[in-house]
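*Asks:* Turn this into a model:
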Amino acid sequence: MSRAEAQDDRVGEPAVATPGGPDAARAPGPLWSLGLLRSELLTTFRRWRTLALLAVLAAVPILVGIAVKIETSDGSSLGGGSGGGGGGGGAGPAFISQVSNNGLFLVFTALAATLPFFLPMAIGVVAGDAIAGESSAGTLRYLLVAPAGRSRLLLTKYATVIAFCLAATLVVAVSALAVGALLFPVGDLITISGTRITYAEGLGRALLIALVVAASLVGIAALGLFVSTLTGSGIAAMATTVGLLITVQILDQIPQLDALQPYFFSHYWLSFADVMREPVYWDDLVKNLGLQALYAAVFGSAAWARFTTKDITA
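*Replies:* Below you'll find the predicted structure:
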């Protein structure tokens, strides 16, 4: 994005004063903070890069649904695994084997397919660009001209990234729900445990799974925001965040590191499959959410410590 485009994106935004500036004593109220958040949300979601990421995510369920439809067009069925939770795989195959029987399973399959890489990569791009992108575009100092304060601005940036986490996950889920209903029959579901639940209850569990997946991304969002405060290059911050994502994913597959793997932010991502058990198996789900909260606290604090003491030169 050019500097002129970035400045055009910011037209109409509330301005923010640097500490010690003439407006420092004038504390912004809640409505001003909501205005700043609204401005950040509009700026993020109207960028072509953001729209392209969402379009790619929406295309994944379409491709998976078409592939399953073609594969089962002769009446054959796909083989499946025993879908587990925890840090291991298996959620994808276990769900995909059921897609031809019930289109709602395409929601679970699409989330299982996008969570290991596509969803966190999109989050890494948006989070990595949050601060560094403003700096490289020359708009960061502009944002710090009126009474917002660096802490408020950083919190607003993180809230925007979290909103993107939720939006990206819902885009995948809604796309899969529409394609599944269009290409496959819908009705009562058979859970991983072998029990039958109604379609309405299945929709409720699909929504719960989408929320769990979105919550699973808050750790990588905080990590990306921290990386974004370390550099003035948006591209470098995005590349570093995605690189860290790939590295952690590789390390999580090495058996010799099994003692460390429960502390990797991606280790319990596929535990959302346990929502499709009867009763729901909560142990790994709670571990996942607790781990994401820990990453958010640690790297969020590190981002705050870095950003509030950083010399803003652009």
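*Asks:* Now stretch 236-247: buried residues?
*Replies:* By neighbour count on 16 or more other CB atoms under 10 Å, the buried set for stretch 236-247 is 236-238, 240-242, 244-245. In short, each C-beta sits where N, CA and C put it, glycine included.
*Asks:* and the residues you listed, which of them are in helices?
*Replies:* 236-238, 240-242, 244-245 (DSSP state H).
*Asks:* quick one: which of those residues is nearest to A127?
*Replies:* Minimum distance to A127 across those is 6.3 Å, recorded for T241 (CB to CB).
*Asks:* contacting residues for that closest one?
*Replies:* By CB atoms under 8 Å, 6 or more residues apart in numbering, T241 lies in contact with 124-125, 127-128, 220, 223-224, 227-228.
*Asks:* Just those residues: which are in helices?
*Replies:* 124-125, 127-128, 220, 223-224, 227-228.
*Asks:* shaky segments in the stretch 101-250 of the chain?
*Replies:* Within the stretch 101-250 of the chain, the stretches with pLDDT under 70 are 145-148.
*Asks:* ok, which stretches of it are helices?
*Replies:* Secondary structure of the stretch 101-250 of the chain, counting by DSSP state H, counting those that start in this stretch: helices at 105-114, 118-137, 140-143, 150-183, 199-215, 218-230, 234-251.
*Asks:* Report the angle between the last one and helix 118-137.
*Replies:* Spelled out, that is helix 234-251. Interaxial angle, helix 234-251 versus helix 118-137 (axes from the mean of the first three to the mean of the last three CA atoms, to 10 degrees): 150 degrees.
*Asks:* just checking, next helix/strand downstream of helix 234-251?
*Replies:* Remark: after helix 234-251, the chain's next helix or strand is helix 283-309, criterion DSSP states H and E.
*Asks:* Show me what counts as buried in that following helix.
*Replies:* Neighbour counts over helix 283-309 (16+ other CB under 10 Å) mark 284-285, 287-289, 291-292, 295-296, 299-300, 302-304, 306-307 as buried.
*Asks:* for stretch 260-271, which positions count as buried?
*Replies:* So, applying 16+ other CB under 10 Å, buried residues of stretch 260-271: 261, 264-271.
*Asks:* Revised request: answer the last question for stretch 137-146.
*Replies:* Buried, per 16+ other CB under 10 Å, within stretch 137-146: 137-140, 142-144, 146.
*Asks:* could I get the helices of the stretch 101-250 of the chain as a markdown table with distance to R49?
*Replies:* Shown next, in a markdown table, are the helices of the stretch 101-250 of the chain (distance: least, CB to CB, whole Å):
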| stretch | distance to R49 |
| --- | --- |
| helix 105-114 | 18 |
| helix 118-137 | 7 |
| helix 140-143 | 18 |
| helix 150-183 | 11 |
| helix 199-215 | 20 |
| helix 218-230 | 14 |
| helix 234-251 | 10 |
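*Asks:* of the ones you listed, which approaches R277 most closely?
*Replies:* Nearest of those (CB to CB): helix 199-215, 10.0 Å.
*Asks:* between that closest one and helix 105-114, how big is the angle?
*Replies:* Orientation check (the same axes, to 10 degrees): helix 199-215 against helix 105-114 gives 10 degrees.
*Asks:* Show me what helix 199-215 is packed against.
*Replies:* Contacts defined by 3 or more CB pairs under 8 Å, 6 or more residues apart in numbering; DSSP states H and E place helix 199-215 against helix 105-114, helix 150-183, strand 189-190, helix 283-309.
*Asks:* what about the longest one, distance to the chain center?
*Replies:* Meaning helix 150-183. 6 Å (CA atoms, centre = their mean, to the nearest Å).
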